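Chemist: pasting the structure only:
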């Protein structure tokens, strides 16, 4: 059964710092991995999608990497800003999702960027 | 449509009433998921559809919950005899791929905030 873990659960940094959020998954048989952002009381916004054959994807100040063999992904945020404050969720599209279909979420990392 | 649309955006209902939540996926998307998120909690999987079929309904919290999808498009989540613990944000997501396609990511709607008083 696929399980997704995100560390840390919460992170507070001063504005301008570069930071890394971690995601690990137990079954490397995945189609892709997706990073989402969720603002309080809002839905999920897709940030980056990495296919299983890819190593990384970049969008602006965000860079996501994928090491499928070790079951790990990182989301790197450069020059953090207070507007980056949100919960960041990692989800894998597993080839065998069992009863949850094939999209498995981690519990998220709550990021706070202090001015 | 351009995105996943959920309605209503907010719903306040009295305990014991039935409610129906609607999800309009992106046109042509075959996979559709329902999740709920209680205040301060993570995403709780409820049910997914491949086309009109829901292969596994075991994620639904109780028999008061049901969901259907017609025409491979709109899905409705119905909660009967609502309880206060049903209060949460209900999120819907869709993807163009079937369960074994796997190449595309998911797009989420903005959710329905349900409050049972």
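Modeler: Cool, got the structure. It should be emphasised that the depicted structure is a prediction, and the values quoted were computed from it without experimental measurement.

Chemist: only C-alpha atoms for contact and neighbour calcs from this point on.
Modeler: OK.

Chemist: ok, the residue of chain B found nearest chain A - how many residues close by?
Modeler: Residue of chain B nearest chain A, by CA to the nearest CA: residue B:110 (4.3 Å). By the criterion of other CA atoms under 10 Å in any protein chain shown, residue B:110 has 22 neighbours.

Chemist: how about it, nearest residue that isn't a chain neighbour?
Modeler: residue A:43 (4.3 Å; CA to CA, 6 or more residues apart in numbering or on different chains).

Chemist: can you get me a residue count around the one you found?
Modeler: Residue A:43 has 22 neighbouring residues, counting by other CA under 10 Å.

Chemist: quick one: it and residue B:107 touch, right?
Modeler: No: Residue A:43 lies out of contact with residue B:107 (CA atoms under 8 Å); the separation is 9.9 Å.

Chemist: got the contact list for residue 24?
Modeler: Looking at chain A here, since you left the chain open. Neighbouring residues of residue A:24 by CA atoms under 8 Å, 6 or more residues apart in numbering or on different chains: A:4-6, A:71-73.

Chemist: actually it's chain B I care about, not the one you picked
Modeler: B:4-6, B:73-75.

Chemist: and the pLDDT for it?
Modeler: In this model, residue B:24 is scored at 96, pLDDT.

Chemist: quick check: beta-bridge partners of it?
Modeler: residue B:5 (DSSP bridges).

Chemist: I'd like to know how far it sits from residue B:3.
Modeler: From residue B:24 over to residue B:3 the distance is 8 Å, taken as CA to CA, to the nearest Å.

Chemist: now swap in residue B:9 and tell me
Modeler: Distance, residue B:9 to residue B:3, using CA to CA: 14 Å.

Chemist: tell me which residues in stretch B:4-15 are buried?
Modeler: B:4-7, B:9, B:11, B:13, B:15 (16 or more other CA atoms under 10 Å in any protein chain shown).

Chemist: can you check the distance spanned by it, start to finish?
Modeler: With CA to CA as the measure, the first residue of stretch B:4-15 is 28 Å from its last.

Chemist: what strands line up against the lowest-mean-pLDDT helix or strand in chain A, and which way round?
Modeler: Lowest mean confidence among the helices and strands of chain A (mean pLDDT, DSSP states H and E): strand A:103-105, at a mean of 86. Strand A:103-105 has the following strand partners under DSSP bridges: strand A:86-94 (antiparallel).
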